[in-house]
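Asks: Here is my input, please return the structure:
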Amino acid sequence: MLAVGTPFPAFSLPNQDGKTVTNSDFAGHWLVVYFYPKDDTPGCTVQGRAFTASKADFDAAGIKVVGVSQDDVTSHKNFSHKFAFTIDLLSDTTGGLMQTLGLGQSEWKGMKFWERTSFVVDPKGIVRKVYEKVNPEGHEKVLLDDIKQMQAQ
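Replies: Predicted coordinates for the structure are as follows:
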């Protein structure tokens with residue numbers, strides 16, 4: 001797993017609309033990059049809806065949020081529209097970024113999924129905190145509180 005204090009690796013991934021998003025798009029901002037297993041599944045829906053519901057709080061604190069999974073752009077687009085998400089979902093279909101970060105995988109019903117993991121990246125692009133095996137219930141509140149504490153230091 002990528003260590004705290006390490007620069008977050010460069011990435012260039014399409015969002016749900018097919019627009020390429022890179023880490024340079026977030027330069028000068030705090031960033032939450034959350035990885036989730038699969039579009040339109042219960043826990044992933046809870047997490048996406050929670051980030052959408054609290055987007056104004058993250059925006060007010062100067063924090064950007066993106067979700068990443070191995071699902072393709074079409075899947076992300078359908079998932080985003082179904083639940084009216086206001087955050088970008090990035091498509092890492094090759095799993096390249098997830099492998100670079102050292103994310104773990106779990107197996108469920110014979111299928112492998114990337115483990116739910118979140119990274120907090122500071123305005124200089126440095127990883128400040130990593131959350132592994134995240135419980136999607138209330139995780140957005142934990143992130144917001146933790147980042148506000150980091151910003152105050």
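
Asks: When you work out contacts or count neighbours from here on, use the C-alpha atoms and nothing else.
Replies: OK.

Asks: pLDDT score for the closest residue to V46 other than its chain neighbours?
Replies: Nearest residue to V46, sequence neighbours excluded (C-alpha to C-alpha, 6 or more residues apart in numbering): P136, at 6.5 Å. In this model, P136 is scored at 91, pLDDT.

Asks: isn't P136 right up against C44?
Replies: Yes - under the criterion of C-alpha atoms under 8 Å, P136 makes contact with C44 at 7.3 Å.

Asks: Convert the C-alpha atoms of the lowest-mean-pLDDT helix or strand in the chain to CSV, please.
Replies: Ranked by mean pLDDT, DSSP states H and E, the weakest helix or strand in the chain is strand 105-108, scoring a mean of 70. The C-alpha coordinates for strand 105-108 follow below in CSV (Å, rounded to 0.1, in the frame of the first residue of the first chain):
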residue,chain,number,x,y,z
GLN,A,105,-8.5,-7.6,-3.6
SER,A,106,-11.2,-9.7,-2.0
GLU,A,107,-13.2,-12.5,-3.4
TRP,A,108,-17.0,-12.7,-3.3
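
Asks: tell me the contacts of A27?
Replies: Residues near A27 by C-alpha atoms under 8 Å, 6 or more residues apart in numbering: 123-125.

Asks: top of those by neighbour count?
Replies: When neighbours are counted by other C-alpha atoms under 10 Å, G125 leads those with 22 neighbours.

Asks: There's contact between it and F8 in this structure, I believe.
Replies: Yes - G125 lies in contact with F8 (C-alpha under 8 Å); the separation is 5.8 Å.

Asks: Pull out the buried residues from stretch 55-71.
Replies: Residues of stretch 55-71 classed as buried by neighbour count (16 or more other C-alpha atoms under 10 Å): 55, 58, 63-71.

Asks: actually stretch 110-124, sorry about that
Replies: 113-122.
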